[in-house]
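Engineer: Sharing a model that was predicted from the sequence below.
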Amino acid sequence: MPLVLGPFNYTAGSFQSYDSNRVLRPISIPQGNGSNPRIMLLEETWNNVPQGRVWDSAFILKDIFTKQVQDRLEGSRPPIFAGKRILDLSAGTGLLGVFLAGLAQVEMDLLLLRGRPNATNRDGITNSSTTHISNAPPSTTVVLTDLEDAMELIQRNIASNKRRIAPNVSIEAKPLIWGSSPLTRLKADPFDVVIASDVVYQVDSFNSLLETLYDLCTPGHTTLYLGYKWRALDIDMERQFFEKLSAMFSVEKSLHDLEVQVWCLKR
């Protein structure tokens, strides 16, 4: 029997709620022990540039951190994000900060699984390990900072993903303007890991950016990852910035896809 649906009436008002500048990007967070990945849904607002969209360096750093965690999970080595204090500086959409919270949750879940003989993970895989690890997951904190006008988007991305991908990780957003004494202004203890992605583009902010990076990198404690891609920045200004950076930190530089440079900084 034929089935007819209708009639339909389309009006201009039907599309008024559609916002072409608002994008939801699905991002996969791989799990250990052969489990299915968790999916993070990242909202971008392309009419709010630069904070409202994800730039290339963030994707490269995401891939680097994913590989680091996967390599450690496969080799049963200690976690690199679980139990750590992590800062995403000038987080924009919040992609990297929320994603790292998800990776930390993966590490925390696996630590618990390894510490429970004959435990079964979410996909029904049984763990027969007798390795003893405390049932209390390590405390993990992720702080995302940016200007005040970026807070609403970051907070939405935290709220829409936390319960699904990082229920046991503390995630918060705080406004921060570059300059001296960022830890004091954040009322925060030193961070173990600091990420700064695509922040090198505005020449008149270079000194305050360098000051912020330096103060956030606690000697002998903090590892700072700076992602950079050239975008019409004056070559001399670029050279001067990275010369100053190299004089302030112990530096490891690597070049990746999309012409993204990753600078690993320590003091």
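Structural biologist: The structure has been received and is ready for your questions. None of the values given here were measured: they were computed from a predicted structure.

Engineer: Any regions of the stretch 101-250 of the chain where pLDDT drops low?
Structural biologist: Scanning the stretch 101-250 of the chain with the threshold set as pLDDT under 70 gives 116-137.

Engineer: make it 50
Structural biologist: 117-133 (pLDDT under 50).

Engineer: where along it do the helices fall?
Structural biologist: Using DSSP state H, counting those that start in this stretch, the helices found in the stretch 101-250 of the chain span residues 151-165, 182-186, 206-216, 235-248.

Engineer: Is it possible to get JSON lines of those helices that adds mean neighbour count and distance to residue 144?
Structural biologist: (C-beta placed from N, C-alpha, C; glycine too.) Shown next, in JSON lines, are the helices of the stretch 101-250 of the chain (neighbours: other Cβ atoms under 10 Å; distance: least, Cβ to Cβ, whole Å):
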{"stretch": "helix 151-165", "mean neighbour count": "18", "distance to residue 144": "5"}
{"stretch": "helix 182-186", "mean neighbour count": "15", "distance to residue 144": "11"}
{"stretch": "helix 206-216", "mean neighbour count": "18", "distance to residue 144": "14"}
{"stretch": "helix 235-248", "mean neighbour count": "13", "distance to residue 144": "23"}
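
Engineer: Make TSV out of the ones you listed and add distance to residue 139.
Structural biologist: What follows is the helices of the stretch 101-250 of the chain, written out as TSV (distance: least, Cβ to Cβ, whole Å):
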stretch	distance to residue 139
helix 151-165	16
helix 182-186	18
helix 206-216	20
helix 235-248	30
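
Engineer: Distance of the residue nearest the centre of the chain relative to residue 252?
Structural biologist: Taking Cα atoms, centre = their mean, the centroid of the chain lies closest to residue 96, which sits 1.5 Å from it. Between residue 96 and residue 252 the computed distance is 19 Å (Cβ to Cβ, to the nearest Å).

Engineer: Excluding sequence neighbours, find me the nearest residue to residue 164.
Structural biologist: residue 38 (6.5 Å; Cβ to Cβ, 6 or more residues apart in numbering).

Engineer: Assess the claim that that neighbour and residue 27 are in contact.
Structural biologist: No. Residue 38 sits out of contact with residue 27 when judged by Cβ atoms under 8 Å, with a separation of 9.5 Å.

Engineer: ok, now which ones touch the nearest residue to residue 189 once chain neighbours are set aside?
Structural biologist: Residue nearest to residue 189 in three dimensions, not counting chain neighbours: residue 85, with 6.6 Å by Cβ to Cβ, 6+ apart. Residue 85 sits next to 140-141, 143, 188-193 when contact means Cβ atoms under 8 Å, 6 or more residues apart in numbering.

Engineer: mind running it again at 10 Å?
Structural biologist: Applying Cβ atoms under 10 Å, 6 or more residues apart in numbering to residue 85 gives the contacts 139-143, 170, 188-194, 221-222.

Engineer: And residue 23, by the same measure?
Structural biologist: 42-46, 52-54, 93 are the contacts of residue 23 under Cβ under 10 Å, 6+ apart.

Engineer: Could you confirm it falls within a helix?
Structural biologist: No. Under DSSP: H, G, I helix; E, B strand; the rest coil, residue 23 falls outside any helix and is assigned strand.

Engineer: quick one, phi/psi of residue 86?
Structural biologist: phi -120, psi 140 (degrees, to the nearest 10).

Engineer: quick one: contacts for it?
Structural biologist: By Cβ under 10 Å, 6+ apart, residue 86 lies in contact with 96-97, 100-101, 103-104, 140-144, 169, 171, 191-195.

Engineer: For it, give the beta-bridge partners.
Structural biologist: residue 142, residue 193 (DSSP bridges).

Engineer: Can you give me the distance of it to residue 140?
Structural biologist: Using Cβ to Cβ, residue 86 is found at 8 Å from residue 140.
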